[in-house]
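K.L.:
Predicted model and sequence below, questions to follow.
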Amino acid sequence: MGQDLKGKTAFVSGGTRGIGLAIAKRLSKQGANVVINYFRSRQSADEALADIKENGTECYAHRANMGNMDQIVPIFDKIKEKFGKLDILVSNAAIGHYGTLLDIKDKNWNISMETNAHAFLKCIQLAEPMMPDKSRIVSLSSLGSIRYIPGYASIGVSKSAIENITRYAAVEFASRGITVNCVSGGFIATDALKVFPNYKEMIAEVTARTPMGRVGTVEEMAAVVLFLISNEASWLTGQTIIVDGGYSLP
């Protein structure tokens, strides 16, 4: 995707590793100034910034817990102060408790819903006033939003909420030409998968079931996000694009 993003400003939540970092790097490579956030590891943030800055654009990392709405506000205050606008919002940060529905404690439920769904809502509420017409918003989801994945209950429900927020925002922002879409990933090769106790068995099973015979890469997810923020996707809004190598088809 070769769109020139020079002069554009983007915020990628959870942009220090995995899919978020791949997206941030691609946006920077196209010329956009990029803001990312981190919460626990300043070292991870510094390493991510070093990668992103290789493309010669402005980039900085803002420390914020995306599950705390009060900490999200300063992110957008600084973006407005430094750049005056926000052209691209990518809501990628996610967290959650792994377990069955009966295992979910109130605290675990609230963490998933706040960090994943409520944070996305808060970001679009804060971003919209500083977004020029024809700006782009992209959220990240997963197959657990539409199908059963063992141990994924609290995260899957929060991802369903993200996809619905995407649809509502798409309608409400359409008059300004702001598109709002979602990218739902299948099994992508990231460290996040390794939290599953049966990681190796799961990868083998997914690979055998996926028509393309492998798991996906973060670069493949980033490529779809780049398409959605491009001019070519100007007539596409309110959609959830499934990127899973055909896993969900059989």
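P.N.:
Alright, I've got the coordinates.

K.L.:
these two touch, right, Leu228 and Ser139?
P.N.:
No. Contact criterion Cβ atoms under 8 Å: Leu228 and Ser139 do not qualify, at 10.1 Å. To be clear about C-beta, it is placed using only N, CA and C from the backbone, and glycine gets the same treatment.

K.L.:
Which of the two has more residues huddled nearby?
P.N.:
Between Leu228 and Ser139, counting by other Cβ atoms under 10 Å, Ser139 is the more crowded of the two (27 against 23).

K.L.:
So the more buried one lies in a helix, does it not?
P.N.:
No. Per DSSP: H, G, I helix; E, B strand; the rest coil, Ser139 lies outside any helix segment and is strand.

K.L.:
where along this protein do the strands fall?
P.N.:
9-12, 33-38, 59-63, 88-91, 136-142, 179-185, 240-243 (DSSP state E).

K.L.:
Reformat those as a markdown table; add mean pLDDT and distance to Phe120.
P.N.:
Listed next are the strands of the chain as a markdown table, based on pLDDT from 0 to 100; distance: least, Cβ to Cβ, whole Å:
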| stretch | mean pLDDT | distance to Phe120 |
| --- | --- | --- |
| strand 9-12 | 98 | 12 |
| strand 33-38 | 96 | 13 |
| strand 59-63 | 95 | 17 |
| strand 88-91 | 98 | 4 |
| strand 136-142 | 97 | 6 |
| strand 179-185 | 98 | 10 |
| strand 240-243 | 98 | 13 |
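
K.L.:
what's the overlap in contacts for Leu228 and Ser139?
P.N.:
Jointly contacting Leu228 and Ser139 under the rule Cβ atoms under 8 Å, 6 or more residues apart in numbering are Asn181, Val183.

K.L.:
spatially speaking, which residue is in the middle of this structure?
P.N.:
Central residue of the chain (Cα atoms, centre = their mean): Asn92, 2.0 Å from the mean position.

K.L.:
shaky segments in this protein?
P.N.:
In the predicted model, the chain carries pLDDT under 70 at residues 1-2, 192-193, 195-197.

K.L.:
for it, what's the longest helix?
P.N.:
Longest helix of the chain, by residue count under DSSP state H: helix 153-173.

K.L.:
helices or strands next to that one in the packing?
P.N.:
helix 106-112, helix 119-127, strand 136-142, strand 179-185 (3 or more Cβ pairs under 8 Å, 6 or more residues apart in numbering; DSSP states H and E).

K.L.:
ok, and what's touching the second one?
P.N.:
Contacts to helix 119-127, defined as Cβ under 8 Å, 6+ apart, come from residues 11, 13, 66-67, 69, 72-73, 75-76, 86, 89, 91, 93, 137, 139, 162, 165, 169, 180.

K.L.:
What of stretch 33-45?
P.N.:
Residues outside stretch 33-45 that contact it (Cβ under 8 Å, 6+ apart): 8-17, 20-21, 24, 27-28, 48-49, 52, 57-66, 75, 78-79, 83, 93.
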